[in-house]
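1. how would this look folded up:
(2 chains)
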Amino acid sequence: TQLLEQSPQFLSIQEGENLTVYCNSSSVFSSLQWYRQEPGEGPVLLVTVVTGGEVKKLKRLTFQFGDARKDSSLHITAAQPGDTGLYLCAGETTSGTYKYIFGTGTRLKVLA
Amino acid sequence: SAVISQKPSRDICQRGTSLTIQCQVDSQVTMMFWYRQQPGQSLTLIATANQGSEATYESGFVIDKFPISRPNLTFSTLTVSNMSPEDSSIYLCSVEMGDYGYTFGSGTRLTVV
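-> Numbering: from 1, shown residues only, chains lettered A, B, ... in the order given. Have a look, this model is predicted:
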């Protein structure tokens, strides 16, 4: 069974601080996605990474896929209150069924 | 990406009853996915629904408890049957849109009393 562990589970920081969220597994994934979810809404896709070692930037967010495609990280620079939410990584299984396994989640709160 | 309308958005139900959740997509999609999310937790896949065939259920989920219909390429329903308080959760439908990843409905918050 492929599992994705995220750390930290909870994070409360001040506006302007930097943070990194980690997504780790012992399994290889075909691709990996990051989502942000706000209360009362479904998760919204932030990025998809496909190639081992790939780095993608989305404004203040930097995403990296591990060389072995087993782990990923999300780095936020100068966090803002609007970044508050539940961050989820999701790995596409290698079984060819277009099925994604979601990580355990990181709940971020950015204080003004 | 697709737009998904999911309803109801929330409901409070008596134990032993059933609730049917509906998802309507604004475009035709091959696969639809149903997830369960415990409050503040991550998502667990319940089943994958393809049009014209029986849904494929994940370990720990069975058709008698969570029957799914997929009558066409834009619509699906999930029924939570014979509910108990342990079924209280958020239920989400989603579709896979290639490079756009998964698009999710806004979820159904179910409370069983």
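
2. and residue 76, how many neighbours?
-> Picking chain A for this. Burial of residue A:76, expressed as a neighbour count using other CB atoms under 10 Å in any protein chain shown, amounts to 21. The way it works is simple: take the backbone N, C-alpha and C, and place the C-beta from them, glycine included.

3. hmm, I had chain B in mind actually
-> By other CB under 10 Å, 29 other residues sit near residue B:76.

4. Return the helix or strand in the chain with minimum mean pLDDT.
-> Chain wasn't specified; assuming chain A. Counting by mean pLDDT, DSSP states H and E, chain A has its least confident helix or strand at strand A:100-102, which shows a mean of 88.

5. wait, I meant chain B there
-> Within chain B, no helix or strand scores below strand B:102-104, which has a mean of 89 by mean pLDDT, DSSP H and E.

6. mind checking which helix or strand the residue nearest the centre of chain B is in?
-> By CA atoms, centre = their mean, chain B has its centre lying nearest to residue B:34, at 3.6 Å. Take DSSP states H and E as the rule and residue B:34 turns out to sit in strand B:31-37.

7. Is chain A within reach of that strand?
-> Yes - for strand B:31-37, a contact with chain A is found by CB under 8 Å from any CB of the partner chain, at B:31, B:33, B:35.

8. The residue nearest to the centre of chain B against residue B:91, yeah?
-> Yes - counting by CB atoms under 8 Å, residue B:34 sits close enough to residue B:91 to count as a contact (6.8 Å).

9. shared neighbours of the two, anything?
-> B:46, B:78 (CB atoms under 8 Å, 6 or more residues apart in numbering or on different chains).

10. how about the strands in chain B?
-> B:4-7, B:10-13, B:19-25, B:31-37, B:43-50, B:56-57, B:68-72, B:75-80, B:89-96, B:102-104, B:108-112 (DSSP state E).

11. So for whichever residue of chain A sits closest to chain B, what's the pLDDT?
-> With CB to the nearest CB, the shortest gap between chain A and chain B falls at residue A:42, namely 2.8 Å. For residue A:42, the model assigns a pLDDT of 90.

12. so what's it up against?
-> B:4, B:6, B:92, B:94, B:103, B:104, B:105, B:106, B:107.

13. thinking the last one is in contact with residue B:36, fair?
-> It refers to residue B:107. No - Residue B:107 is beyond contact range of residue B:36, at 10.1 Å (criterion: CB under 8 Å).

14. list residues touching both of the two?
-> Joint contacts of residue B:107 and residue B:36 (CB under 8 Å, 6+ apart) are B:90, B:91, B:92.

15. Neighbouring strands of the least confident helix or strand of chain A in the sheet, and parallel or not?
-> The strands beside strand A:100-102 in its sheet (DSSP bridges) come out as strand A:85-92 (antiparallel).

16. Please report the distance of the residue in chain B that chain A sits nearest to from residue B:85.
-> Closest residue of chain B to chain A, CB to the nearest CB: residue B:104 (2.8 Å). Distance of residue B:104 to residue B:85, computed by CB to CB, to the nearest Å: 25 Å.

17. Between these two, which is the more surrounded one?
-> residue B:104 (25 against 9).

18. ok, what's across the strand from that one?
-> Where residue B:104 sits in a bridge, its partners, by DSSP bridges, are residue B:94.

19. Pass me the low-pLDDT residue ranges in chain B, would you?
-> Applying pLDDT under 70 to chain B flags the ranges B:99-100.

20. mind redoing it with 90?
-> Counting by pLDDT under 90, chain B contains low-confidence ranges at B:1-2, B:30-31, B:38-42, B:50-54, B:96-102.
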